[in-house]
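1. I'll drop the sequence and a predicted model, then ask my questions.
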There are 2 protein chains.
Amino acid sequence: MEFKLVAEDQHSKARAGEIKTDHGIIETPIFMPVGTAGAVKAVQMNDVKKDVNAQIILGNTYHLYLRPGTEIIQKAGGLHKFNGWDRPILTDSGGYQVYSLSGTRKLTDDGVIFQSHIDGSRHTFTPERVMDIQRAIGADIIMAFDECTPYPCDYDYAKKSLRITHNWLDRCIEHFDRTKPLYGYSQTLYPIVQGSVYKDLRKQSAEYIASKNADGNAIGGLSVGEPAEMMYEMTELVCDILPKDKPRYLMGVGTPVNLLENIALGVDQFDCVMPTRNGRNGMLFTKNGIINIKNKKWEDDLSPLDPDGTSYVDHQYTKAFVRHLFSAREILGGMIASLHNLAFYLWLVKEARKHIIDGSFYDWKKQMVIKLATRL
Amino acid sequence: MEFKLVAEDQHSKARAGEIKTDHGIIETPIFMPVGTAGAVKAVQMNDVKKDVNAQIILGNTYHLYLRPGTEIIQKAGGLHKFNGWDRPILTDSGGYQVYSLSGTRKLTDDGVIFQSHIDGSRHTFTPERVMDIQRAIGADIIMAFDECTPYPCDYDYAKKSLRITHNWLDRCIEHFDRTKPLYGYSQTLYPIVQGSVYKDLRKQSAEYIASKNADGNAIGGLSVGEPAEMMYEMTELVCDILPKDKPRYLMGVGTPVNLLENIALGVDQFDCVMPTRNGRNGMLFTKNGIINIKNKKWEDDLSPLDPDGTSYVDHQYTKAFVRHLFSAREILGGMIASLHNLAFYLWLVKEARKHIIDGSFYDWKKQMVIKLATRL
């Protein structure tokens, strides 16, 4: 994997870049749609590719490991072959899900013993095991196994957890370097900065991660309930320490405003379930603000779903019709909203990139964050 | 609306034809995907049009009347404008749903008082009211208001019901002739033959309906639980009486085998929820038989979903991946299966038409009905 800086904003820390992988180039800043079980929820792969124009999608190691299991994915020749997505893929390490989804779990210095949320069966994730699983899944970018601390998290726990995360990182790197990709294309390991909302821990973690000289770096443990200002403070602090010539991935973030604010702080990659999850609940993000399409005010609004939208659904369907679909609990409603939101997120980062390159990012962002947060 | 017979099979009563409507030509025999609330369940309109190649879709008057209501549809300029489907649409009369879905209902000679299955509110459908509602919805083909008798149904009830259905038909025709289409294109009213599974009643009804000289005729009250052989017997009897130069629509039918058998008896139009409903439950119809994709046997079958299929999903996804989607309860599983099944149904009727035209329908059908019923 190679990263090339294409442009840097003069009035913020925003950057435009290019990540070159064996499955194609990713133009940054980029949003990565979440495909938990290998598929983006309620959207045809065809549309993720040609309508949303997603350049990279994310898969969840925890989910894919439990179902369908690595054996089947390996038999298929990796996740790309299994789900038919031929552009880059990133997998998380399963760390977050082990804590948020599984039943009883036991954390030791060696790893985590947890129960599947599906059938209660017992499993163990260690740094080595998670590297092997991500080798078997075969994503282009894979993540180190970490502990994602919750919010709030007391200082002592965050400090102790960070020690484990850093120790696991060393084991991940060692095991990653000892093993080879299985399917003939290369994989890149991103370490993850943790440290909760404590500046000294974040600084310490960012310096430790920077010292590993990885080809890309991630910031985890944010967007877990803390105030946005606190997230931005941590992002800024961490981005200033992480190497400039490597992509920075802020995990699990966020709203359209969160994206722009973090791009301004030097983040290059994002993922979040928000466009699809909120879409299934009738929330539409647009460049003029947020629409709750279930609202009665749209009942007889026969204007296009989003006249400025880039997806075909924006022009194919009216607000009144999509509102009707949600009222009638038609699956198509969630399908349309998911597709719209993903296309909007991809438009937003593409637009941000354009403005970074032409030097107008700072002013554009200032206007956009006001519009994006408006409730329509 | 005009109907033109293009070809007649020499070895069966199958026919190929063309129905000309103001929204385009329908090549018969045809299958009409069901869009109950104005949208085909779990399939993007775009795909219904360009991938399934549906030539006409069906909307349910009962559902559309209750939600979104005729006022909004009328404000949009009819259902075509409301849902964005610019090819022909057919609406049923709501008769079937009033009996099968609504709460308490009271049938009188004048009409039916029923309770909404959504909120329990009271409504009245009379033949005149149903014509007005279907004028407001604005389908190209609309149906007479009838009573769809259940199965089994005792002779006396069927006879009494038939009298009401015929009486309502007269009132429908009278009111239809007295009113005008609202949106500048013409609408055609199909009367419906009833009579349960009683030959004399079916004969009497078919003769009565034939005497109305409508531009198209429908056969209702079948595929409601009776054995397939009984359905075929009724269809044959009725088709032999209904005018040859008008399209014949068998309502609510059926499996792929049912389609071919009824085409052989002279039916031109079909609708059924089976391809979408069974699709959402993991049942896939193919030219080689029926696949239950949830079955463990497909778990590691990495062959295309349907190598012979006409839809892009057939080649984009593998059986193992779609099985995984159903296991993981991903909406995409039902989306893929629905799209596949609809494309298959449209392929089947197109293929039937081709064989009718080139004279090979009888032999082809004989082979196909065996293959289609196979469990894979």
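-> Now that the structure is in, tell me what you want to look at. Numbers count the residues shown, from 1 in each chain, chains lettered A, B, ... in the order given.
2. C-alpha only now, for contacts and for neighbours.
-> OK.
3. what does the average pLDDT come to for stretch A:132-141?
-> Averaging pLDDT along stretch A:132-141 yields 98.
4. which parts of it are buried?
-> Going by neighbour count (16 or more other Cα atoms under 10 Å in any protein chain shown), the buried part of stretch A:132-141 is A:Asp132, A:Ile133, A:Gln134, A:Arg135, A:Ala136, A:Ile137, A:Gly138, A:Ala139, A:Asp140, A:Ile141.
5. Including distance to A:Leu66 and secondary structure, could the residues you listed go into JSON lines?
-> Converted to JSON lines, these look like this (distance: Cα to Cα, whole Å; DSSP: H, G, I helix; E, B strand; the rest coil):
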{"residue": "A:Asp132", "distance to A:Leu66": "14", "secondary structure": "helix"}
{"residue": "A:Ile133", "distance to A:Leu66": "11", "secondary structure": "helix"}
{"residue": "A:Gln134", "distance to A:Leu66": "13", "secondary structure": "helix"}
{"residue": "A:Arg135", "distance to A:Leu66": "15", "secondary structure": "helix"}
{"residue": "A:Ala136", "distance to A:Leu66": "13", "secondary structure": "helix"}
{"residue": "A:Ile137", "distance to A:Leu66": "12", "secondary structure": "helix"}
{"residue": "A:Gly138", "distance to A:Leu66": "16", "secondary structure": "coil"}
{"residue": "A:Ala139", "distance to A:Leu66": "17", "secondary structure": "coil"}
{"residue": "A:Asp140", "distance to A:Leu66": "20", "secondary structure": "coil"}
{"residue": "A:Ile141", "distance to A:Leu66": "20", "secondary structure": "strand"}
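6. okay if I get those as TSV plus distance to chain B?
-> Shown next, in TSV, are these (distance: Cα to the nearest Cα, whole Å):
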residue	distance to chain B
A:Asp132	21
A:Ile133	18
A:Gln134	18
A:Arg135	19
A:Ala136	15
A:Ile137	14
A:Gly138	16
A:Ala139	17
A:Asp140	20
A:Ile141	22
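7. Quick check: A:Glu207 touching A:Asp240?
-> No - contact between A:Glu207 and A:Asp240 fails when scored by Cα atoms under 8 Å: they sit 10.0 Å apart.
8. Tell me the bridge partners for the residue nearest to A:Phe31 when sequence neighbours are not counted.
-> Distances taken as Cα to Cα, 6 or more residues apart in numbering or on different chains place A:Phe270 nearest to A:Phe31, at 4.8 Å, with adjacent residues excluded. Beta-bridge partners recorded for A:Phe270 (DSSP bridges): A:Phe31, A:Leu250.
9. secondary structure class for the closest residue to A:Pro150 other than its chain neighbours?
-> Excluding the flanking residues, the one nearest A:Pro150 by Cα to Cα, 6+ apart is A:Val224, at 6.4 Å. With DSSP: H, G, I helix; E, B strand; the rest coil as the basis, A:Val224 sits in coil.
10. And what about A:Asp308, helix, strand or coil?
-> When classified by three-state DSSP, A:Asp308 comes out as coil.
11. what sits against it?
-> Listed by Cα atoms under 8 Å, 6 or more residues apart in numbering or on different chains, the contact set of A:Asp308 reads A:Lys287, A:Asp314.
12. Same check on A:Val34?
-> A:Val40, A:Lys41, A:Ile57, A:Leu58, A:Gly59, A:Asp271, A:Cys272, A:Val273.
13. which two from these end up farthest apart in space?
-> Using Cα to Cα, the pair of the contacts of A:Val34 lying farthest apart is A:Lys41 and A:Asp271, separated by 13.9 Å.
14. who's more crowded, those two?
-> A:Lys41 (25 against 22; other Cα atoms under 10 Å in any protein chain shown).
15. Let's see the pLDDT reported for the more buried one.
-> Reading off the model, A:Lys41 has pLDDT 98.
16. Tell me if it really is in a helix.
-> No - counting by three-state DSSP, A:Lys41 is not part of a helix but coil.
17. dump the residue contacts of it.
-> Each residue near A:Lys41 by Cα under 8 Å, 6+ apart is listed here: A:Val34, A:Gly35, A:Thr276, A:Ser338, B:Glu330, B:Ile331, B:Leu332.
18. Which members of these occur in helices, if any?
-> Among the contacts of A:Lys41, DSSP state H puts A:Thr276, A:Ser338, B:Ile331, B:Leu332 in helices.
19. Can you tell me the SS state at the residue of the stretch 101-250 of chain A found nearest chain B?
-> Of the stretch 101-250 of chain A, the residue with the smallest distance to chain B, taken as Cα to the nearest Cα, is A:Ile118 at 9.4 Å. Three-state assignment for A:Ile118 (three-state DSSP): coil.
20. how near is it to B:Gly95?
-> Using Cα to Cα, to the nearest Å, one gets 43 Å for the distance from A:Ile118 to B:Gly95.
21. out of those two, which sits in the more crowded spot?
-> Counting neighbours by other Cα under 10 Å for A:Ile118 and for B:Gly95 shows that B:Gly95 has the greater number, 23 against 13.
22. one step back: my guess is the residue nearest to A:Pro150 contacts A:Cys148, does it?
-> No - using Cα under 8 Å, A:Val224 is not in contact with A:Cys148, being 9.2 Å away.
23. Please tabulate the ones in helices among the contacts of A:Lys41 in TSV and include pLDDT and neighbour count as additional columns.
-> Putting the ones in helices among the contacts of A:Lys41 into TSV (pLDDT from 0 to 100; neighbours: other Cα atoms under 10 Å in any protein chain shown) gives the following:
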residue	pLDDT	neighbour count
A:Thr276	98	28
A:Ser338	98	27
B:Ile331	97	21
B:Leu332	98	22
